[in-house]
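*Asks:* Give me a 3D structure for the following:
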Amino acid sequence: MLKLYPTSDLRWRIGDIQNAFDHDIGASAYRWMDRIYHDYQHKVSSSSKCPVDEASNILLAYINSMEKLSTEVLNVYGTGDDWRRTRQFIKRVRLLLECCYDMEMKIIDPDEDLEKCYTEGALSFQKPINQAWIEGKVPLPE
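*Replies:* Modelled structure (predicted):
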């Protein structure tokens, strides 16, 4: 059975997930992605954990948490502002995840040179529209 929470509690939980995400990512999602690239370039050995994989796991955890909360908000209150807020957050985090996957594909594709792609600004997170979206400066399209 679905446990019902007052609206203020759901809003608090949405804000709690967003605040934890902002704390983990830091002031700028773009700089976080840039740091992942540089961490990958400087990783000590192939046996150490890949920063891209670690970032992907973090993002997936946030998506899963907010998806559950989004469903709860939808079931209890419908498609109001709180539900749209959860969906925008999920879209933003999914875009970051897609940027991680793009970087990962450039790493494993023998025809791609990750460093060259980075230098040329060809990674997904470097595209101006994606930068605006992942920074939350522009709402993602519905």
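*Asks:* List the residues that contact Ala20.
*Replies:* Shown in contact with Ala20 (CB atoms under 8 Å, 6 or more residues apart in numbering): Tyr62. The C-beta positions use only the backbone N, C-alpha and C, and glycine is treated the same way.
*Asks:* Can you tell me the element the residue nearest the centre of the chain falls in?
*Replies:* When CA atoms, centre = their mean is applied to the chain, the residue found nearest the centroid is Val93 (2.6 Å). Element membership of Val93, judged by DSSP states H and E, is helix 81-108.
*Asks:* which other helices and strands contact that helix?
*Replies:* On a contact count with 3 or more CB pairs under 8 Å, 6 or more residues apart in numbering; DSSP states H and E, helix 81-108 meets helix 7-25, helix 29-41, helix 51-77, helix 114-119, helix 128-134.
*Asks:* Would you indicate which residues of the fourth one are buried?
*Replies:* Which is helix 114-119. By 16 or more other CB atoms under 10 Å, the buried positions in helix 114-119 come out as Leu114, Cys117, Tyr118.
*Asks:* and which of these is nearest Met33?
*Replies:* Each of those was checked against Met33 using CB to CB; the closest is Tyr118, at 10.5 Å.
*Asks:* Settle this for me: the closest one is touching Tyr37, isn't it.
*Replies:* Yes. The pair Tyr118 and Tyr37 passes the contact test of CB atoms under 8 Å, sitting 5.8 Å apart.
*Asks:* Without its sequence neighbours, what residue ends up closest to Glu115?
*Replies:* Taking CB to CB, 6 or more residues apart in numbering, and ignoring the residues beside it in sequence, Glu115 has Gln41 as its nearest neighbour in space, at 7.2 Å.
*Asks:* now swap in Tyr30 and tell me
*Replies:* Distances taken as CB to CB, 6+ apart put Gln131 closest to Tyr30, at 5.2 Å, once the chain neighbours are dropped.
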